[in-house]
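Trainee: Pasted the sequence and its predicted model underneath.
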Amino acid sequence: MPDIEERSPAPGPASSPLPSPAPVPRRIVWLPWVVAAVADGLQWVFLPLFAPGIASPFDATLEVVTAAVLVKLCGWHWAFLPSLAAELVPGVDLVPTWLAAVWIATRGRRDR
């Protein structure tokens, strides 16, 4: 019969398969918010330019660059994929989907 000390401990909260998000510095949490706000704000300010037409490639370029920068800053998160798809649809791009995606991707992260 094995001793009590030889038995493996029962799984508990310490051995949870889903680790909690690691604390990140303040600039890493706020920088994606600034990038998302600037990208969403540019679409409101330059609405006539970003309307479907001759400047549409600039709008698409802005969205792809914004997605790349946010993935670089926050890491990959599934919330960025539907935001990118929604931003490429004319009319829907006026909704601040980048801000919503950053909120989803950074929620639960704490400052050090």
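Mentor: Arrived safely.
Trainee: CA only for contacts and neighbour counts going forward, please
Mentor: Fine.
Trainee: Give me the neighbour count for residue 78.
Mentor: Applying other CA atoms under 10 Å, we find 10 residues neighbouring residue 78.
Trainee: for residue 35, that is, sorry about that
Mentor: When neighbours are defined as other CA under 10 Å, residue 35 has 19 of them.
Trainee: And for residue 101?
Mentor: Neighbours of residue 101 (other CA under 10 Å): 23.
Trainee: What residues of stretch 33-40 count as buried?
Mentor: 33, 35, 36, 37, 39, 40 (16 or more other CA atoms under 10 Å).
Trainee: Please identify which of those is nearest to residue 57.
Mentor: Nearest to residue 57 among those is residue 39, at 14.8 Å by CA to CA.
Trainee: got the contact list for the closest one?
Mentor: 62, 63, 66, 98 (CA atoms under 8 Å, 6 or more residues apart in numbering).
Trainee: Tabulate the CA atom coordinates of the helix or strand where it lies in CSV.
Mentor: Assigning secondary structure by DSSP states H and E places residue 39 in helix 26-45. Only the C-alpha atoms of helix 26-45 are listed here, as CSV (Å, rounded to 0.1, in the frame of the first residue of the first chain):
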residue,chain,number,x,y,z
ARG,A,26,0.7,50.1,-18.7
ARG,A,27,2.0,51.3,-22.2
ILE,A,28,1.2,47.9,-23.7
VAL,A,29,-2.4,48.1,-22.5
TRP,A,30,-3.0,51.8,-23.6
LEU,A,31,-1.1,51.9,-26.8
PRO,A,32,-3.5,49.5,-28.7
TRP,A,33,-6.4,51.7,-27.4
VAL,A,34,-4.7,54.8,-29.0
VAL,A,35,-4.1,53.0,-32.3
ALA,A,36,-7.7,51.7,-32.4
ALA,A,37,-9.1,55.2,-31.6
VAL,A,38,-7.0,56.9,-34.2
ALA,A,39,-7.9,54.3,-36.9
ASP,A,40,-11.7,54.6,-36.1
GLY,A,41,-11.4,58.4,-35.8
LEU,A,42,-9.7,58.7,-39.2
GLN,A,43,-12.7,57.0,-40.8
TRP,A,44,-15.1,59.6,-39.3
VAL,A,45,-12.9,62.6,-40.2
